[in-house]
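Asker: coords below, sequence missing:
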C-alpha cells in the first residue's frame, strides 16, 4: 500500500476538487491509501458527494485552519500549525508509513515547509522546485530549479540535472531526458561564471544526456525534456512563459469581442480556442515537485480541478513506486564531488 | 544638423529596408544628415529606388563586407574591419560630428563593438542593453539590462534605472517612468543578495519613480514603464516573452489550418490575427539602445522594414536632440555612490 496525505484546502476550488481528485486516484491505483487533511465536516460532506467512505484506504486528518495564498510563507508555517497544509506536513514528517504529500495550497508556504520541516535526501545540496510545461510538439518539459533557491553554485545545477533526469524517467517514462542549461546564448562560453562552470560540469557528467545551453525563447520548442536553471532565472523563465501565453490569449479574447465580424468568425473556432487555453493550462500536465526533498512533495496548481488533483496524486504515487528517492541518493553519491553533508 | 551613420547591411532585408528607412527619416527630420555604410554600388542602387540623391544630408561610406548574424561577436569585430558595421563603428568613434549609429545587424557584434570600441559615458559602470516591448494596455515597456552584462552589482542596477528613466522620458515622452525591479516575488525581501541590495538602493533614490519588485509574468501588464534587471535574467525575460508569444501565434495558425471549419472562421478574423502578429512584432516599437555608451547606438530588429528602420533613426535623433548623454552623466554624478572611474 502506498500512503499519501492530501492537503484538501488552500486551492481555489476547495474540497470539491481535492476530494473529487482523491476519488479518481483511488479508483486508478488499487494499492493507494489517502489521508485527507482539512476541516473534517467539509471533507466528510465532499466525500459523500464524491461517493467515497472511510476505509483502510481513506482516513481523515482534521485540521480546522487554512493558509491563504498571500500569506508570508515563513510566518504561515510558524503560525498556522492547525492548517491543513501544516498538519499534513507534520504527518509526512513524523509518520514513516506516509510516503508523500500533495497540496494545491500556497506555493511559498509549501516550499518553505518542505525545506524547513521535511529536509532533504542524503547528498542533496538543497531541494529544487520542478514544474512541468507543455511543448509545441505535444510533449512536456520540466524546469528545475524554478524558485526554491534564489542563489546556487555550479554543483547544485549538476544535482538538479541528475535529480530531474531521474524524475522524468520515473514519472513520465522519458528514457534519456535531453537536459539543457538555461543561458543567455547557446555557445558553451556564454553567461556568467556560475553558468560557465555549470556547463563544464554538465558536459562532463556521463549519467545524464546534456545537450548544451538553451535560450529562454526555446523552452516550448520540444527540443528539451529538462531545463536546468538557477532558481532566480528559472523562476523568471517559467513565469514569463506562463504569463505571456495567458496575457496573449486574454488579448485575443478581448479583441474578438471588439468586432461583430470577429465574433462571428470565432463561433467556428470555439473548440480551437478552448484547446489553446487547455494547452497552456499547466494543471493538465501535473504538479510541481520538490526534487531532493526527504519525502515526496507535489504542488498542484492553485486552480486545479479534480482531474488535475488526481494527476498530482498519481505523480506522488509513481515517485514512491519507482523509489525515486533511493535512485536520487545513489545517483548523487556517484557524482564526482558528492557532498554527503 | 544631427548626423547619424546607418549600417545598411546585416539585417534580413538588406539595403532596400535600410535605405528606404533613411528616405523616410530624411523627410521626417529636416535637420538630419545620414551616412549610409555598406557596399557602395548596392547602396547607390537602393538610393535611386528610394528617390534620394547625394547631398549635404546624405553621403555614402563604402564598406564591402558584412557581418553574419551567426558569427562569434568578438571574432567578428576583430576580423571584419571592412564590414558595414565595423566601418560605421569606426566612424562613430573617430568623427566627433557623428552623433549616433543605427544597425539592424548582429546584436552580439554590435553590443561587443559598443563596449570595446565606443566605450561609456563618464560615471557609467557598463553600458546596458534596453529593448522595448509593447504592453497589453497599448503602451510600451523598456527592459534594461537585457544581456549586455551577464554579471552585475547592485549599484549597476541603480544606474540602469536612472539611465532607463531618462531615456524613456527623452525618447518616448513618459514623464515619470514607473520603474520595477525584476525579481522572483513582489515582496521587498525577495530574491538573492544582489536583488535585495538593489531593492534598497532603488527605494532610496529620489530621482526615479521606483514602484517595487515585478514578477516576470507581469511584464506586459502595462503597470510598468521600465524593468530593471541583471543582464542574465533580463535576457531570459525578454526572450521568453518574445518566444512564447511567437510560438503561440504559430501554434494557433497551425491549428487553424488543421480544420476546414476553423479555416472558414478565420476568414472573418484575418485582420485581427494580422494585428496580433503586428502587436508582438517588436520592430514596430523601435530598436534597442545601449544605455550609457559614449555615443548613441540603436540596434534595430534583424527583420526591420523601412518603416521600422526610420523609427530607429528617429530614436537616435531624439537621443541626440534631447542631449540624453549629458542628462545621464549629470544624473549619475548625483547618485550617492557615483563611480567616476
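Answerer: Great, that's in hand. From a predicted model like this one, the values you see are computed outputs, not experimental measurements.
Asker: end to end on stretch A:113-127, go ahead and measure it.
Answerer: Its first and final residues considered, stretch A:113-127 spans 11 Å by CA to CA, to the nearest Å.
Asker: shaky segments in the stretch 1-150 of chain A?
Answerer: Scanning the stretch 1-150 of chain A for pLDDT under 70 picks out no residues.
Asker: what parts of it come near chain B?
Answerer: Residues of the stretch 1-150 of chain A found near chain B, taking CB under 8 Å from any CB of the partner chain as the criterion, are A:72, A:108, A:136, A:147, A:150. For every residue, glycine as well, the C-beta is placed using N, CA and C.
Asker: one more pass at 6 Å, please.
Answerer: A:136, A:147, A:150 (CB under 6 Å from any CB of the partner chain).
Asker: of the residues you listed - the most surrounded one?
Answerer: When neighbours are counted by other CB atoms under 10 Å in any protein chain shown, residue A:147 leads the residues of the stretch 1-150 of chain A next to chain B with 25 neighbours.
Asker: which residues touch that one?
Answerer: Applying CB atoms under 6 Å, 6 or more residues apart in numbering or on different chains to residue A:147 gives the contacts A:129, A:231, A:235, B:184.
Asker: residue B:53: which of the residues of the stretch 1-150 of chain A next to chain B is nearest?
Answerer: Nearest to residue B:53 among the residues of the stretch 1-150 of chain A next to chain B is residue A:136, at 48.7 Å by CB to CB.
Asker: spatially nearest residue to the closest one, not counting backbone neighbours?
Answerer: Spatially, and ignoring its direct neighbours in sequence, residue A:136 is nearest to residue A:220 (5.1 Å; CB to CB, 6 or more residues apart in numbering or on different chains).
Asker: surely that neighbour touches residue A:135?
Answerer: Yes: between residue A:220 and residue A:135 there is a contact under CB atoms under 6 Å: 5.2 Å.
Asker: between these two, which has more neighbouring residues?
Answerer: With neighbours defined as other CB under 10 Å, residue A:220 and residue A:135 compare such that residue A:220 has more, 23 against 18.
Asker: tell me the SS of the more buried one?
Answerer: Using DSSP: H, G, I helix; E, B strand; the rest coil, the structure places residue A:220 in helix.
Asker: what sits against it?
Answerer: A:135-136, B:247.
Asker: can you tell me how far the residue nearest the centre of chain A sits from residue A:161?
Answerer: Computing the C-alpha centroid of chain A and ranking residues by CA atoms, centre = their mean puts residue A:288 first, at 0.3 Å. When distance is defined by CB to CB, to the nearest Å, residue A:288 is 17 Å away from residue A:161.
Asker: near chain B, which residues of the stretch 151-300 of chain A show up?
Answerer: Counting by CB under 6 Å from any CB, the stretch 151-300 of chain A sits next to chain B at A:151, A:184, A:191-192, A:215-217, A:220, A:232-233, A:235-237, A:239-245, A:247-248, A:251, A:255, A:261-262, A:264-265, A:268-269, A:272.
Asker: which of those residues count as buried?
Answerer: Neighbour-count burial within those applies to A:184, A:191-192, A:215-217, A:220, A:232-233, A:235-237, A:239-245, A:247-248, A:251, A:255, A:262, A:265, A:268-269, A:272; the criterion is 16 or more other CB atoms under 10 Å in any protein chain shown.
Asker: cheers, nothing more for now.
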